[in-house]
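Engineer: one predicted model, sequence on top.
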Amino acid sequence: MKPLAITAGDPAGIGPETIAMLYRDSPQALHGCFVVGDLAVLRRAAALVSGAGPALPVAVLADAGEAWQAPPRCIPVLPVVQAQGEVAFGQVSAEAGRQAAASVRWAARAALRGEIAALATAPLHKEALHAAGEPFPGHTELLQAEAALHLGRGVAEVPVRMMLANHELRTVLVSIHLSLRDAIAAVTEQNVLQTLRIAHAALARLLGRAPRLAVAGLNPHAGEGGLFGHEESLHIAPAIAAARAEGVDARGPYAPDTVFMRARAGEFDAVVAMYHDQGLIPVKYLGVEQGVNVTLGLPLVRTSPDHGTAFDIAGTGRADPASLLAAIRMARALAANMSEKCL
């Protein structure tokens, strides 16, 4: 079996210390995993979580395959990037953005070459990415660009979607990092249909059966027959009909203020939401400690925790690594079911 890469995330945030916590407290769950990032950053994190005792050991890897030989409670690091000066906790910087992007880019390319099973990404900071000159607003868009380059396609030819999941609810988004005005404009028949296709294929592999997909409306009461908007009748309902004609079990559009409760009660396996906050607020309200972000549509497996860099507590040792652990476990499950087709 191939190893799993964990990217260190923004060194000014909680990513490195949550990684170190997991190697300290859950070593068996991380067997065969390794960390991609700067060696000094992970050594700082290891010392941070060790308290007054000896620092958690850090092993330097020459290649990903050596991850399997790392002893328990030792952080195996593949140093694909070298820090150009120490990054302060809780501060946006170009250096932090450079390190985070370089780690993700290396891991993405390794996954696309088939050298690793999957990648779980610790949080990065979008402002730091921008300060580093990266043209991408987040992980998803960077990974999409790398996949397109690998496949020799245009970025638009590698459609991706974001799924946020915990043990109670899954949501898949039609659009991701767009302003609300642009997200409304992105509610088209083609975009909704494409989302349903991607969600169906990914969840069918994860569940081992055809998933039951609920589709949220855009407007209050799903438009109330046109009284509150026409996106449901013009774009969303036709996409559902087209998906059902292809064998996708999609239903709706349903009122967005109740459909998530229905899915949580077990009526549906996932909800297709029309925009970022519509889909993410219900999952995050249930608790970020078990939430996992999964990128669907890529020819690789990528997961991440359901939280950001948490600059306000970075370096304090108070971060909760539970969501990262859930992301690693989800990545293993998805990788085990990964076929030659895209997620």
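Structural biologist: Alright, I've got the coordinates. Only a predicted model underlies this, so the values are computations on that prediction, with no experimental measurement involved.
Engineer: can you map out the strands along the stretch 51-200 of the chain?
Structural biologist: Assigned by DSSP state E, counting those that start in this stretch, the strands in the stretch 51-200 of the chain fall at 58-60, 75-78, 118-121, 161-165, 170-173.
Engineer: oh, I was asking about the stretch 201-343 of the chain
Structural biologist: Taking DSSP E, counting those that start in this stretch as the criterion, the stretch 201-343 of the chain carries its strands at 213-216, 250-254, 270-273, 292-296, 302-305.
Engineer: so which of these is nearest R98?
Structural biologist: Counting by Cβ to Cβ, R98 lies closest to strand 302-305 out of the strands of the stretch 201-343 of the chain; the figure is 19.1 Å. Backbone N, C-alpha and C define where each C-beta goes, glycine included.
Engineer: re earlier: E17 is nearest to which of the strands of the stretch 51-200 of the chain?
Structural biologist: Closest among these, using Cβ to Cβ: strand 75-78, at 11.2 Å.
Engineer: related to what we said a few turns ago, export the strands of the stretch 51-200 of the chain as TSV, with columns for mean neighbour count and mean pLDDT.
Structural biologist: Converted to TSV, the strands of the stretch 51-200 of the chain look like this (neighbours: other Cβ atoms under 10 Å; pLDDT from 0 to 100):
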stretch	mean neighbour count	mean pLDDT
strand 58-60	17	97
strand 75-78	26	98
strand 118-121	28	98
strand 161-165	25	94
strand 170-173	26	97
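Engineer: ok so, going back, looking at the strands of the stretch 201-343 of the chain, which is nearest to A70?
Structural biologist: Taking the strands of the stretch 201-343 of the chain one by one with Cβ to Cβ, strand 302-305 is closest: 20.9 Å.
Engineer: just to revisit the earlier point, the strands of the stretch 51-200 of the chain: which one's closest to G90?
Structural biologist: Between G90 and the strands of the stretch 51-200 of the chain, the shortest separation by Cβ to Cβ is 19.8 Å, and it involves strand 118-121.
Engineer: pairing partners for that closest one, with directions?
Structural biologist: strand 4-7 (parallel), strand 302-305 (parallel) (DSSP bridges).
Engineer: give me the contacts around the first one.
Structural biologist: By that I understand strand 4-7. Contacts with strand 4-7, where a contact means Cβ atoms under 8 Å, 6 or more residues apart in numbering, come from 19, 30, 32-37, 64, 67, 78, 100, 103-104, 107, 110-111, 116-122, 324, 328, 331-332, 335.
Engineer: how about 7 Å then?
Structural biologist: 19, 32-37, 64, 103-104, 107, 110, 116-122, 328, 331-332 (Cβ atoms under 7 Å, 6 or more residues apart in numbering).
Engineer: what does the average pLDDT come to for stretch 301-311?
Structural biologist: Regarding stretch 301-311, the rounded mean pLDDT is 94.
Engineer: what's it in contact with?
Structural biologist: With Cβ under 7 Å, 6+ apart, stretch 301-311 has contacts from 9-10, 12-15, 90, 118-121, 123-125, 139, 143, 164, 284, 288, 291-295, 319, 323-324, 327, 330-331, 334-335, 338, 343.
Engineer: no more questions from me, cheers.
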